[in-house]
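J.: Quick one: sequence plus predicted model below, questions after.
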Amino acid sequence: MTANASNIVFDDIFTISAIDKEGKKFDRVSRLYAHSKNYDMDLTLDYNIELYSLREGQSFALALASSLAKGPTAGGAGITEEEDKDRDVWRPDGKGRRGLEEDYEYVMYGKVYRFDGGGGTSEIVTAYASFGGLLMSLTGSFRHMTSIVLGDPVYILLRK
């Protein structure tokens, strides 16, 4: 994980093993299946193929972030809640605050809606998030997902 970006709750490099292996259900959406290099994680992710093209065998960087702000969030480093309220301003006209989205090619905003596993002796857990109906599941050791919180909003950021 990236130590200097406190808002990033998970990041790794994934390699796509398959796309739409169960068939294509929607015209503009594909589902990719990938495995990470560093943390031995499995990822299933829906993405808009008109906005972002990916192919089998390709690698990409993925980050999950609690905020797009590059610096600390409210409560840290003397930032007031009023200042923090405007921190995630993003505008298509290029005005507004620049954040993590500047370093990535594809960004979605959603919510962590389910967490499975971790009970008993299993150290393997799965986090589920929805980005406006585009779904993600991330499976692996709970040690790499301790900052992903059920019910919290989350940004997913991708770059090739």
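T.: Right, received. Where do you want to start?

J.: Tell me where this protein is predicted with low confidence.
T.: 1-5, 71-97, 118-121 (pLDDT under 70).

J.: show me where it has helices.
T.: Assigned by DSSP state H, the helices in the chain fall at 81-85.

J.: burial of the closest residue to residue 11 other than its chain neighbours, as a residue count?
T.: Among residues not flanking residue 11 along the chain, residue 63 sits closest, at 4.0 Å (Cβ to Cβ, 6 or more residues apart in numbering). Where C-beta positions appear, they are placed from N, C-alpha and C, glycine not excepted. Applying other Cβ atoms under 10 Å, we find 22 residues neighbouring residue 63.

J.: One more: the one 4 residues further on?
T.: Neighbouring residues of residue 67 were enumerated by other Cβ under 10 Å; the total is 22.

J.: That one and residue 99, how far apart?
T.: 8 Å (Cβ to Cβ, to the nearest Å).

J.: hmm, back to that, could you double-check that the residue nearest to residue 11 sits in contact with residue 10?
T.: Yes - at 6.9 Å, residue 63 and residue 10 qualify as touching, with contact defined as Cβ atoms under 8 Å.

J.: contacting residues for residue 55?
T.: Contacts of residue 55 were listed using Cβ atoms under 8 Å, 6 or more residues apart in numbering, and they are 16, 19.
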